[in-house]
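In: Build me a structure from this.
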Amino acid sequence: MKTVVLATLLILSASLAGCISGEEEDTKVDSEEPEFFGEVYWNQNGIGVIVEENRTYFALPLINNSCEEWNIILDVDGDNPLSWQGVEQDGICVNGWINPELSVSTSYNGDFFDSCSEWIGMDEQCFEIHLITNGVLYLSDNNDICAISSNGIAEPSGEYGHLWLKEEDTEWHSKFQEFVIESEDEGLAVGCKSISYNPAYLRVGSQNDCSMMIWPDDPFKAAIYSFVAEYDLAYGGSVGCYEDEYNDLTYAEVAYELESNRDSGATALEYAQNWVDTNASNYDMQPFNLTSEFNISEGGLGWIDTPTGNETTDCGEAQNITSEDNNSSIFEIEANPNPDSPGMKCFSKYVEVFGLGIYAESGLSDAQVLHAAAVLAELLDNDEDGIVDDEALLSRLQNMSAMMPMFDSEGSEAAEDFMEHYTGNGVSAVLYAEEVDPSQPGRWGSDATVEEIMHTINHVGHVNVYPAAFGLEPNSSLLSDAMDEARGGQFESIPASYPEEAWYHYDDTTCDYECMAIEYMYWAQVSNMGILNDTTTCDGIANEWEPCSKDLLESMDVLIYALITDPQYHLPQNAPDGNYNPTTE
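Out: Alright, predicted model coming up:
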């Protein structure tokens, strides 16, 4: 489940009165419509809202002068994608996607802007948008606690946690908070009882332990609250928590329906309120006010004892396993530099490689950790001249804080903590101690280090640096075209049986098309490197992959061989041996 989705943060607002009376009793000057349409107003979570007469959409700051980074952050190609089509416009990223099931109408009435939205099959929802000094206030028909956005504060420049600006951008958050305080009098003047200020970064520390969530006693309301808590209050995977922890799932279908139909055209709260007003009677329930029932203005129903961050995790006793065979490595194992970051508390060993991190739990030996570091370095600097082969790739990996987590075992303290709390976008694979063997680098069935690190480099890096070459969706790239041929056709899910002419016949039903493309890219690369070229390995993987040597790959899979050996993409050609020893002239 998403921590925050697009619908969560698109909070609309309102404008100041604009009528002007003349001195004479019978003389009236018509108010002019103030500038509003097309302006960018930033909300408390660092999301820009842009209103047009027949459309409302949102904006985000550019990352590296591009909108492409947001495709990863918003998981556009993932299992739970968001409706996002980033378009660069006037120095920001604007969502170009239009929801065909939502109609929006906004007009100026002489005092403020009236804005109404209507989903197909649901009641129309309206609110007032009042212009104030350096911003707008949004006053709903059924709620006198106003939301607020500003066009007087520059766009944020800090890092985002999915769709909320992180706490570290203190200057921006301080300016926004000052703006809220300064707007209180204008809020009272237009009918706001108070102005809501409860940014997501103040709540994200509590998005951890499902058992600590406070739920409504009514099971119907609990189902709806699970959706609102996840997609409006930034509580984390609350729909999943509802499934796991709530003791009456009579109305589970309500939560699923709300989640499956969510979208970016309105706030999650607005959408849920509209759904309740329209559909509650179908369940023999009465409509209710979600804002008051769920204590929205105060950040929701909250958590028992409000646990924060990693405080609930016991990392166990540190083992500090060392190895005698470490002197040949150019890398040094250090203490975890980020123990306070979400999901990182239980790592005790750290190695930096070209600005990227290997993080390991204490049960892994130093030799295993240094082995992973060496493999990462060899894959990035394959000719070992001390310079990364592809600067664009490295920049992408660094910007995404790409890392390789190493755990003692599945279900270990560090693994549980990381899987539950990690909020970044720099991880595509993990390693467990039992699958790291420095004496057999990359050998199938013995050492998964090459595979998992390669997955991370490819998925976090190549797919986005060279989308036309390595895009993962059907019909999106040279990689997808090659895979369709290798599988004997385009199969977006695992077929009952592959055609006889196929040489790549992946059969893991949990792996979707994009996952299969990443696996395909790995198989091709290690075949080209010669890592699979022995009888035992070839026989062992034949049910999934046939061209297990460089020669077979070149003759059987012409398309993928040409792609991964094309020098413009700088893919590694030499097999890592776990000994990175760069030479410099």
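
In: Wait, residue 358 touches residue 377, no?
Out: No - Residue 358 lies out of contact with residue 377 (C-beta atoms under 8 Å); the separation is 10.0 Å. Where you see a C-beta, it was placed from the backbone N, CA and C, and this is true even at glycine.

In: Need the single longest helix in the chain, by residues.
Out: helix 513-529 (DSSP state H).

In: Give me the helices and strands touching it, please.
Out: helix 449-456, helix 478-486, helix 550-556, helix 558-564 (3 or more C-beta pairs under 8 Å, 6 or more residues apart in numbering; DSSP states H and E).

In: Spatially central, which residue of this protein would that be?
Out: residue 73 (3.8 Å; C-alpha atoms, centre = their mean).

In: any idea how far residue 456 is from the nearest residue to it once chain neighbours are set aside?
Out: Spatial nearest neighbour of residue 73, excluding adjacent residues (C-beta to C-beta, 6 or more residues apart in numbering): residue 425 at 5.6 Å. Distance of residue 425 to residue 456, computed by C-beta to C-beta, to the nearest Å: 11 Å.

In: which one of these two has more residues nearby?
Out: residue 456 (24 against 20; other C-beta atoms under 10 Å).

In: where's the more buried one relative to residue 366, distance?
Out: 21 Å.

In: ditto for residue 498
Out: From residue 498 over to residue 366 (counting by C-beta to C-beta), the distance is 43 Å.

In: Could you do residue 63 as well?
Out: On the measure of C-beta to C-beta, residue 63 and residue 366 end up 36 Å apart.

In: Let's verify residue 175: helix, strand, or coil?
Out: helix (DSSP: H, G, I helix; E, B strand; the rest coil).

In: What is the burial count for the residue lying closest to it once chain neighbours are set aside?
Out: Once flanking residues are discounted, residue 175 sits nearest to residue 153: 5.1 Å by C-beta to C-beta, 6+ apart. Residues near residue 153, counting by other C-beta under 10 Å, number 18.

In: Helix or strand: which one has residue 153?
Out: Following DSSP states H and E, there is no helix or strand that holds residue 153.

In: Show the model's pLDDT score for it.
Out: Residue 153 carries a pLDDT score of 93 in this model.

In: so who does it touch?
Out: 42, 134, 172, 175-176, 179 (C-beta atoms under 8 Å, 6 or more residues apart in numbering).

In: buried subset of those?
Out: 42, 172, 175-176, 179 (16 or more other C-beta atoms under 10 Å).

In: Tell me the one of these nearest residue 295?
Out: Nearest to residue 295 among the buried ones among the contacts of residue 153, counting by C-beta to C-beta, is residue 176 at 22.3 Å.

In: Surely the closest one touches residue 44?
Out: Yes - assessed by C-beta under 8 Å, residue 176 is found in contact with residue 44 at 6.0 Å.

In: Now for these two: what residues contact both?
Out: Common contact partners of residue 176 and residue 44 (C-beta under 8 Å, 6+ apart): residue 199.

In: Let's test this: mean pLDDT of the strand or helix carrying residue 50, rounded?
Out: Element membership for residue 50, per DSSP H and E: strand 48-52. Throughout strand 48-52, pLDDT has a mean value of 90.

In: Could you do stretch 374-391 as well?
Out: According to the model, stretch 374-391 has a mean pLDDT of 96.

In: Mind giving me the packing neighbours of the next helix or strand after the strand holding residue 50?
Out: Per DSSP H and E, the first helix or strand lying C-terminal to strand 48-52 is strand 55-61. Strand 55-61 is packed against strand 48-52, strand 92-95, strand 102-108, with contacts defined by 3+ C-beta pairs under 8 Å, 6+ apart.

In: Run the chain-centre distance for the second one.
Out: For strand 92-95, the distance from its own C-alpha centre to the chain's C-alpha centre is 17 Å (C-alpha atoms, centre = their mean, to the nearest Å).

In: what's the answer for the last one, then?
Out: Chain-centre distance of strand 102-108: 30 Å, with C-alpha atoms, centre = their mean.

In: next one: stretch 38-53
Out: Centre to centre, stretch against its chain (C-alpha atoms, centre = their mean), the figure for stretch 38-53 is 21 Å.

In: The closest residue to residue 133 other than its chain neighbours: which element?
Out: Excluding its sequence neighbours, the residue lying closest to residue 133 (C-beta to C-beta, 6+ apart) is residue 186, at 6.6 Å. In this assignment (DSSP H and E), residue 186 forms part of helix 184-190.

In: Can you list the buried residues in that helix?
Out: Here helix 184-190 shows 186-187, 190 as buried, counting by 16+ other C-beta under 10 Å.

In: residues near residue 94, how many?
Out: So residue 94, with other C-beta under 10 Å, has 19 neighbours.

In: ok, the residue nearest to residue 574 when sequence neighbours are not counted - contacts?
Out: Leaving aside its sequence neighbours, residue 574 sits nearest to residue 382 (C-beta to C-beta, 6+ apart; 5.4 Å). By C-beta under 8 Å, 6+ apart, the residues touching residue 382 are 389, 572-574.

In: before we move on, which element is residue 382 in?
Out: Using DSSP H and E, residue 382 falls outside every helix and strand.

In: Quick one: distance of stretch 219-230 to the chain centre.
Out: The answer for stretch 219-230 is 22 Å, by C-alpha atoms, centre = their mean.

In: buried stuff in the host helix or strand of residue 131?
Out: For residue 131, the element it lies in under DSSP H and E is strand 125-132. For strand 125-132, the neighbour count (16+ other C-beta under 10 Å) marks 125, 127-132 as buried.

In: Export the contacts of residue 382 as TSV, with columns for secondary structure and neighbour count.
Out: What follows is the contacts of residue 382, written out as TSV (DSSP: H, G, I helix; E, B strand; the rest coil; neighbours: other C-beta atoms under 10 Å):
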residue	secondary structure	neighbour count
389	coil	19
572	coil	21
573	coil	16
574	coil	13
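
In: quick one: which of those is nearest to residue 221?
Out: Using C-beta to C-beta, the contacts of residue 382 come closest to residue 221 at residue 572, 54.7 Å.

In: In space, what's closest to that closest one - neighbours in sequence excluded?
Out: residue 382 (3.8 Å).
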